[in-house]
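Enquirer: sequence plus predicted model, see below.
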Amino acid sequence: MACRAQPRRAVTATGGSLDPDGPMAVLITGGATGIGRAIADAFLAEGRAVHICDIDGAAVEAYVDSHPKASGTQADAANIVQVDGVFDDLLTRYGALDVLVNNVGIAGPTAAVEDIEPEDWDRTIAIDLNAQFYFTRRACRCCGRPVAARSSTSLRALRLPGVRCARRMSRANGR
Ligand SMILES: NC(=O)c1ccc[n+]([C@@H]2O[C@H](COP(=O)([O-])OP(=O)(O)OC[C@H]3O[C@@H](n4cnc5c(N)ncnc54)[C@H](O)[C@@H]3O)[C@@H](O)[C@H]2O)c1
């Protein structure tokens with residue numbers, strides 16, 4: 001069965017690729033607002049090459065406009081075709097990925113179980129589980145063994161310089 005790519009929009013500030021020996025490339029999912037945005041800011045402040053992805057296209061555009069050194073892709077992290085589009089944009093621009101911050105996640109429905117709609121349950125699983133798998137799988141396939149962060153590890157990135165945080169995560173992963 002033919003598969004059509006979902007529409008997506010790449011937002012880049014300056015275009016082109018960085019020197020392979022240049023700054024560490026970091027991908028942050030759900031990076032246009034909230035905790036993801038703070039993580040993106042922290043890595044940018046260290047001079048890292050930051051690419052964000054977010055389902056909110058206007059927020060991606062606003063972030064890249066206000067952070068000219070960053071780039072971003074509007075994408076639903078739970079859509080595997082759109083996740084591929086994120087990696088296409090990132091690899092075209094930076095050629096490699098060193099750190100994946102699997103930040104995206106939603107709280108999901110808060111109701112008695114008998115009142116939760118199956119589609120709300122499915123959407124929560126898709127974002128909180130499937131998306132993590134899609135990004136980690138692509139990152140490992142194209143970039144060897146990048147550092148992957150999630151949840152409380154991501155929160156630590158707010159308090160630690162990115163490199164130290166990455167090294168700590170590497171040690172935690174036995175690398
Ligand atoms: N905020 C908290 O108190 C808290 C506590 C513990 C863990 N967390 C976790 O930390 C992470 C970030 O939390 P937050 O409060 O900044 O989140 P948030 O709800 O503010 O969302 C951050 C960003 O994710 C984007 N997003 C949502 N669904 C998306 C999708 N399907 N694809 C791509 N982007 C999507 C949103 O547009 C938003 O820009 C989440 O995984 C959350 O579960 C948050």
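Expert: Everything's here; your move.
Enquirer: going forward, measure contacts and count neighbours with C-alpha atoms only.
Expert: Fine.
Enquirer: buried set for the top helix by length along the chain?
Expert: In the chain, ranked by residue count with DSSP state H as the criterion, the top helix is helix 80-94. Neighbour counts over helix 80-94 (16 or more other Cα atoms under 10 Å) mark 80-87, 89-91, 93-94 as buried.
Enquirer: ok, and does it reach over to the ligand?
Expert: No - contact of helix 80-94 with the ligand (Cα under 6 Å from any ligand atom) is absent, the minimum separation being 9.1 Å.
Enquirer: relative to the ligand, how far out is residue 132?
Expert: Distance of residue 132 to the ligand, given as Cα to the nearest ligand atom, to the nearest Å: 10 Å.
Enquirer: now do residue 32
Expert: On the measure of Cα to the nearest ligand atom, residue 32 and the ligand end up 5 Å apart.
Enquirer: that residue contacts residue 50, doesn't it?
Expert: No - in terms of Cα atoms under 8 Å, residue 32 does not count as a neighbour of residue 50; the distance is 11.5 Å.
Enquirer: hey, which helix or strand in this structure has the poorest pLDDT?
Expert: Lowest on mean pLDDT, DSSP states H and E among the helices and strands of the chain sits strand 9-12, with a mean of 38.
Enquirer: what pairs with the next helix or strand after that one, parallel or antiparallel?
Expert: As assigned by DSSP states H and E, the chain's next helix or strand after strand 9-12 is strand 25-29. Its sheet considered, strand 25-29 pairs with strand 49-54 (parallel), strand 99-101 (parallel) by DSSP bridges.
Enquirer: need the buried residues of helix 80-94 in a markdown table (columns: pLDDT).
Expert: Formatted as a markdown table, the buried residues of helix 80-94 follow (pLDDT from 0 to 100):
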| residue | pLDDT |
| --- | --- |
| 80 | 98 |
| 81 | 98 |
| 82 | 98 |
| 83 | 98 |
| 84 | 97 |
| 85 | 98 |
| 86 | 98 |
| 87 | 97 |
| 89 | 97 |
| 90 | 96 |
| 91 | 94 |
| 93 | 94 |
| 94 | 91 |
